[in-house]
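Student: Quick one: sequence plus predicted model below, questions after.
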Amino acid sequence: MGASQARTEHKYQDLADKTGLKKKRALTSICFMIMDFLLPHCSRENLDSIPALANNPIRKQIVEAFFDKRNQHQDEVGSFEEIGFEQFLMVMSHFRPPTLKTTEEEKEAMRKEKLRFLFNMHDTDNDGTITLAEYRKVVEELLSKSGAIGQEAAKAIADAAMLEVASTNVPHMAPDDFYEGITFEHFEQILKGLEMESRMHIRFLDVDTTTMHCGKSFS
Amino acid sequence: MMYEKIPIHGCRMAALWTLSVSLSACLFWPTCLALTPPAELPQPHNLPPLLGFNSSDGSMSVDLPMALRVFSVDYHHVQAPFEIVLWIMLASLAKLGFHWSGRVPAVVPESCLLIMVGLLVGGVIYGVRHSAPPTLSADAFFLFLLPPIVLDAGYFLPGRLFFENLGTILWYAVLGTLWNVLGIGLSLYGVCLLAQSTLGDISLLHCLLFGSLIAAVDPVAVLSVFQEMHVNEQLHILVFGESLLNDAVTVVLYKLFESFLRLPSVSGLDVLLGGCRVVVVGLGGLFVGLFFGLVAALTSRFTSRAQVIAPLFVFLYSYLSYLTSEMLHLSGIMAIVTCAVTMKQYVEANVSERSNTSIQYFLKMWSSVSETLIFIFLGVSTIQDIHMWSWPFVCSTLLLCLVWRATGVLLLTAVVNKLRRNAVTFRDQFIIAYGGLRGAICFSLVFLIDDFPKKRLFITTTIVVILFTVFVQGMTIKPLVELLDVKRKKRALPTVSEEIHSRLIDHLLAGIEDVVGYWGQHYWKDKLVVFEQFNRKYLRRFLIREDHQARSSILRVYQELERREQRGDEEAPPLRPLLPEEMDSIRRILSRNLQNFNNKQTPAYSRHTLHQDATADRTRRPLHRHQSLGERCTYNTITHWPQVLYPRGRWRVQWHPQSERRTQQVSHSVFHEPEACSPGLVHPSSLSSDRTRRSKLFSWQGGPDLSRAPNTCGETPEETTQLCFGERETAMKRDYERTIIRTMFDAAAPLESHRAAERDVLTKLTDIKIQLVEAVTGPPPSLTLHHEGFFWRCVFQVEPAAHAVVATLFTNQPDSKVCIHGYLFPLPVALGQVPHPSYDATAVFRGFWTVLIIVGLVAALTGAFLLVCGVPFISHKLYKLGGAFLITAACLFLFMLLLYVLWMEVVEVKRYILQERGEACPQAEVSVLYGLSFMVAAAGVPLELVSGLVFMLVGRTLHAS
């Protein structure tokens, strides 16, 4: 009994470490344990039905990201049918903000991680490249809510973006060359200008509130 | 009679303005009453005719007014507009001269130079007329000069950034200003109490009044300094937004204190009412602006039949909003900014593209003209009789301004950082505090103060503070930004992918927050959809013309491309850099149509240029592939081999028709552009046109079929200062008879395959019979020495030897030396464009050196001359003076040496060079050595010092005896 309890505790402490919530580790891990116990596992439909998401043009991608095994910090591929709190937390850990104390290497790692998350959102078939079709799809989704702008423009933008990626990364393509798709390296290259580590994060007031709000969303 | 002739001549001379400032200053002296007429006006006379054909007649004309005159001059008739136009002409020409003056803009902010021109003009006017030159009246400033600037700032406000940071900006603008006003006012009162004897008659309210006007950070000054600095956008918007909004606060506070001063006594109720008034003034301005903005949008809906006057409405309505709110004693600045922000999106959708362009140009033109005028007048008005000096008051004001601003920024940021998403770093805080430049607003407000005995002191102090902030802070802020390594703005426009992904991230974050159920920042951003929907459903439908189907240029370009492809047009290149207009329209589509704030994400706010300007020349280019001059001249030699000699290549390799063997002459070495460091050869397999190239053919890393070769750069161990030397297009050595073929050898192959490749190339190019002279990957020219002299900067390449550097310095310098003038040349080595945007700290240093060395040399020579004159021991004064000059020269040289060392060690020349070179040449090593002349100078300084002292002593003993 005692041993198993210790194991569980260890598991949640690990979780707390892995998600980068090192402050208040003990408290967090207890919180996590409670949440894990309380929260039901949820499926795609649950997330899809969140009313607040209804207006989001990239709802599908967001929901899909939660069920993607690639975002779980493990080298697994595929997708879950339903996710529990642990998986949820793992996805959320991509949105950690950098603090003033974060070192450059950590920042770099963080940046890579965030970029990988974005890349995975594009790369639906997990072949390591974003093809033109995949890119177009995302841009279309992104523009889908805006009515006035047609499919045509979305296509044009995606093409232009693709062209740009191709021309920056493979600058000397011969006329009859064909650019297959954006690899992660190219993706990294093309988004060099965006300050991912400071942009792509959600600020939670405190760890506890985070977990509390998690509960609300699932109920 | 001379009196009236001058303007006529002056008019002709105006074109010569840039030649001499004093010339134009002379021409303005009788006419300097543009905005406030001086007391004595020149009496209207009729000029004697200047034209030859009726000169006999003309001399009579003055005496015989009744006769019919063929030629007459009535200056008085056109005086006011004429003089205004002349002033504007002076201002514009000053600006023109400034921008033509090459490297000066890199060192000195425009505002400083304009003030200096103003000072000069004012000085000349004063010297000639012995009366005060015209001052800028507060009415002219607030009614005519300020609105265009604020309108321009509002219209080009980067909305997204601004609204994201609105909380912080308001926090700084309102609380920070209050803090500054109260702090400066109260502590100045303390100073006045301390210096009871001289400053005793300044009351607390006067101090507060003065505090309120001196705390006003001036948007004009701030913009003109910050636009040249390219700091990161967040910092820029914080400083700029604060300066824009705090004007409203300071003006209101100023009026408040002024009305308090007029009241016999101030009660608590009055203070409370005053507080309410501040709020009313701000919000009132907001509503007035909103109202006029919507009306303007509505009006622009109906302009389709008369497109010519469409731009006019933008200006009319915004000016009207400003005037209306001024009339109602509301904040005109708030009104005009709100009006511009409100109307912009609707107007842009309604009017035609041409009208949009003209709106933008007119805005920029007016704002820059009035800014220039303001600065010039600031300089002109400084020179006058009414100054009154008090050391304690002036110095303490200056100090208090700095101290209170710094503490205010620190405190407020500490609070705001708790709530912000991106914390404001300490460096940013420093720049915010340091960037609090004062300007024309303080200046015009101080003249508005009701007369009281110490008003002249206030005026003097204000001028000192303005000049100090604009000159000292404005000039040093750029090097400070360098030294502090403040995060810079991205220089390039965001790419399409970046645009897409920044939107994607916004939505992603909003979605995730929705999932988590947390209402965060992004939540609200997304929830603004409500406004957005309202906007789309009602406002846009109501305000924007329906039949207006603007086809965006991206669609046009895209369709054109498709058409071309269908025609099978071979000219259409598969890879073509995106045209700026495409980028623009993509950006517009993305920003308009994504659910977010409906604002255009302008890449950055630039003061005087529309951002299309930089790329304007490219927009006109056809869609064909980009060819530069060098490419064109050799293009026909390589047309039969297009796939390999790709026009975007970077290598200029020398081919020579005669010699068979490779020569190792350094002077014939490969000149290549800075993009890469090692020449390579194309692998034979890539020459053949097999279909394997369907995979990614060329890449810098080398494709799968291309073997990699070591980088030549940094290959040999003995090289010390190898830099990859990039020669610019305009470089010397053009006179060689050679054919330069720019080709792209992207992947270098080992030597054996090189031979093969060479042979391959040669056999393929038999019809031209050219041979490879220079070993493209042979032993490299190895050592590149950059001599960074004061007068010359030279580059030469030497054989690597143990004492190469010393030998070069002492003995014969190699023939390969390439020298260019280096007096004020800002960069350490001649890389890239000349006033390099990311490295202008050096320019400042260089400027200092120039001044120091010239003054030092002059001092030393003068000292020597005096000493020579005094050799027969005739006068002790000459000896003393000469000694003093020598000591001064020594000090100047010492200071210069210190600066030099500072530049070398602190400013990180190495880092700069490596950064510049690093991408292309990862193994480059830089070693910085102090040269011979440096040693001589370092040795000379104590010598000079000692000799100066000795001569002083000689003089003293002479005097004693």
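Tutor: Looks like it came in fine. Numbering: from 1, shown residues only, chains lettered A, B, ... in the order given.
Student: use CA for all of it now, contacts and neighbours both
Tutor: Noted.
Student: Phi, psi for B:Val108 please.
Tutor: phi -110, psi 130 (degrees, to the nearest 10).
Student: Oops, could you answer that again for A:Glu82 instead?
Tutor: phi -140, psi 150.
Student: Same check on B:Gly439?
Tutor: When read as degrees, to the nearest 10, the backbone of B:Gly439 gives phi -150, psi -140.
Student: and the nearest residue to it once chain neighbours are set aside, how many neighbours?
Tutor: Residue nearest to B:Gly439 in three dimensions, not counting chain neighbours: B:Asp218, with 5.0 Å by CA to CA, 6 or more residues apart in numbering or on different chains. Counted with other CA atoms under 10 Å in any protein chain shown, the neighbours of B:Asp218 add up to 24.
Student: and B:Asp218, how far is that from chain A?
Tutor: As judged by CA to the nearest CA, to the nearest Å, B:Asp218 and chain A stand 31 Å apart.
Student: My guess is that residue contacts B:Ala440. True?
Tutor: Yes. B:Asp218 is within contact range of B:Ala440, at 6.9 Å (criterion: CA atoms under 8 Å).
Student: just for chain A, where's the confidence low?
Tutor: A:1-40, A:51-52, A:55, A:73-75, A:97-102, A:144-152, A:170-179, A:197-199, A:201-219 (pLDDT under 70).
Student: Show me the helices in it, by range?
Tutor: Using DSSP state H, the helices of chain A run over A:2-18, A:25-38, A:44-48, A:59-67, A:85-92, A:104-122, A:132-144, A:151-169, A:184-190, A:196-199, A:207-218.
Student: What is the neighbour count of residue 136?
Tutor: Since you didn't name a chain, this refers to chain A. With other CA under 10 Å as criterion, A:Arg136 counts 22.
Student: Hmm, no, I was thinking of chain B.
Tutor: 23.
Student: Relative to chain A, how far out is it?
Tutor: Computed as CA to the nearest CA, the B:Leu136 to chain A distance reads 45 Å.
Student: can you check B:Thr250 too?
Tutor: From B:Thr250 to chain A the distance is 34 Å (CA to the nearest CA).
Student: helix or strand for that residue, which one?
Tutor: Assigning secondary structure by DSSP states H and E places B:Thr250 in helix B:233-262.
Student: Hmm, B:Leu867 is touching B:Leu878, no?
Tutor: Yes. If you go by CA under 8 Å, B:Leu867 and B:Leu878 touch, sitting 6.5 Å apart.
Student: CA atoms only for stretch B:323-338 - export them in CSV, please.
Tutor: Extracted C-alpha coordinates of stretch B:323-338, given in CSV (Å, rounded to 0.1, in the frame of the first residue of the first chain):
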residue,chain,number,x,y,z
LEU,B,323,-10.4,72.3,-34.0
THR,B,324,-13.7,71.3,-32.6
SER,B,325,-12.2,69.7,-29.5
GLU,B,326,-9.9,72.6,-29.0
MET,B,327,-12.9,74.9,-29.2
LEU,B,328,-14.6,72.9,-26.6
HIS,B,329,-11.4,72.8,-24.5
LEU,B,330,-11.1,69.1,-25.0
SER,B,331,-8.0,67.3,-25.9
GLY,B,332,-7.4,67.9,-29.6
ILE,B,333,-4.6,65.4,-29.8
MET,B,334,-6.8,62.6,-28.5
ALA,B,335,-9.5,63.7,-30.9
ILE,B,336,-7.4,63.7,-34.0
VAL,B,337,-5.7,60.4,-33.2
THR,B,338,-9.0,58.7,-32.5
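Student: Identify each buried residue in it, please.
Tutor: For stretch B:323-338, a neighbour-count test (16 or more other CA atoms under 10 Å in any protein chain shown) marks B:323-326, B:330-338 as buried.
Student: where does B:Leu136 fall, phi/psi-wise?
Tutor: Dihedral angles (degrees, to the nearest 10) for B:Leu136: phi -80, psi 120.
Student: In chain B, which helix is the longest?
Tutor: Taking DSSP H as the criterion, chain B has its longest helix at helix B:268-301.
Student: Which neighbouring elements make contact with that one?
Tutor: Judged by 3 or more CA pairs under 8 Å, 6 or more residues apart in numbering or on different chains; DSSP states H and E, helix B:268-301 is in contact with helix B:233-262, helix B:310-327, helix B:332-350, helix B:540-543.
Student: do you know which of the ones you listed lies nearest B:Glu499?
Tutor: Closest to B:Glu499 of the helices and strands packed on helix B:268-301 is helix B:233-262 (CA to CA; 15.4 Å).
Student: The closest one packs against which elements?
Tutor: Helix B:233-262 is packed against helix B:159-164, helix B:166-170, helix B:177-194, helix B:204-214, helix B:219-226, helix B:268-301, helix B:332-350, helix B:426-434, with contacts defined by 3+ CA pairs under 8 Å, 6+ apart.
Student: Could you export those as TSV, including mean pLDDT?
Tutor: Shown next, in TSV, are the helices and strands packed on helix B:233-262 (pLDDT from 0 to 100):
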stretch	mean pLDDT
helix B:159-164	76
helix B:166-170	85
helix B:177-194	89
helix B:204-214	88
helix B:219-226	79
helix B:268-301	87
helix B:332-350	86
helix B:426-434	85
